[in-house]
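Participant: Take a look and give me a structure for this.
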Amino acid sequence: MKSRVEIHIDAPLERIFPLAAEVERWPERLPHYRYVHRLPASNGERRFAMGARRGPVPVRWEATQRPLPDERRIEFTHTGGVTRGMRVAWRFEPSDGGWEVSIEHQLKLDWPLIGGVAAEWVLGPQFIEAIARRTLRRVKVLAETGS
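Facilitator: The predicted structure is shown next:
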């Protein structure tokens with residue numbers, strides 16, 4: 001499953017990037033996030049346990065994060081939960097006086113028989129993209145209002 005969701009944000013990158021990178025603050029900034037807890041990690045990695053909601057359905061996962069501000073990118077690798085192994089990239093590209101912010105997901109489930117169908121028809125559109133769209137819409141509001 002590969003997906004990309006994007007949104008145009010009329011705010012400086014210096015305001016947008018921290019909203020995306022400071023995942024510890026997502027529960028206070030993004031109402032659909034239930035929690036984000038920092039986990040012990042080696043090699044200076046940023047590792048987190050994260051929980052969100054897709055409608056009434058709670059979801060959880062663990063991930064490592066690599067903020068790459070010089071490359072205008074933030075990378076995540078899911079290390080636990082149903083989406084284990086998923087690669088996520090936030091990208092920030094200048095556009096029309098603002099920024100095009102996108103979130104790309106790549107997930108290959110190794111579940112016998114149903115992995116591809118589950119990723120393409122259920123997890124991708126119903127959970128991963130839905131949560132990402134909601135995240136981008138909220139980051140847009142926060143960045144454009146200076147909150």
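
Participant: Which of the helices and strands in the chain ranks last by mean pLDDT?
Facilitator: Lowest on mean pLDDT, DSSP states H and E among the helices and strands of the chain sits helix 115-117, with a mean of 86.

Participant: Who are the packing partners of the helix or strand that comes right after that one?
Facilitator: Later in the chain than helix 115-117, the nearest helix or strand by DSSP states H and E is helix 129-145. Applying 3 or more Cβ pairs under 8 Å, 6 or more residues apart in numbering; DSSP states H and E, we find helix 129-145 packed against strand 2-9, helix 13-21, strand 46-54, strand 98-106. Bear in mind the C-beta positions are built from the backbone N, C-alpha and C, glycine included.

Participant: returning to that earlier point: could you list the residues in contact with the least confident helix or strand of the chain?
Facilitator: Helix 115-117 is contacted by residues 1, 108-109 when judged by Cβ atoms under 8 Å, 6 or more residues apart in numbering.

Participant: before we move on, the earlier item: rebuild the helices and strands packed on helix 129-145 as CSV, extending it with mean pLDDT, distance to residue 90 and mean neighbour count.
Facilitator: Output for these, formatted as CSV (pLDDT from 0 to 100; distance: least, Cβ to Cβ, whole Å; neighbours: other Cβ atoms under 10 Å):
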stretch, mean pLDDT, distance to residue 90, mean neighbour count
strand 2-9, 97, 10, 16
helix 13-21, 97, 5, 17
strand 46-54, 96, 14, 18
strand 98-106, 97, 5, 20
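
Participant: With that, I have no additional questions.
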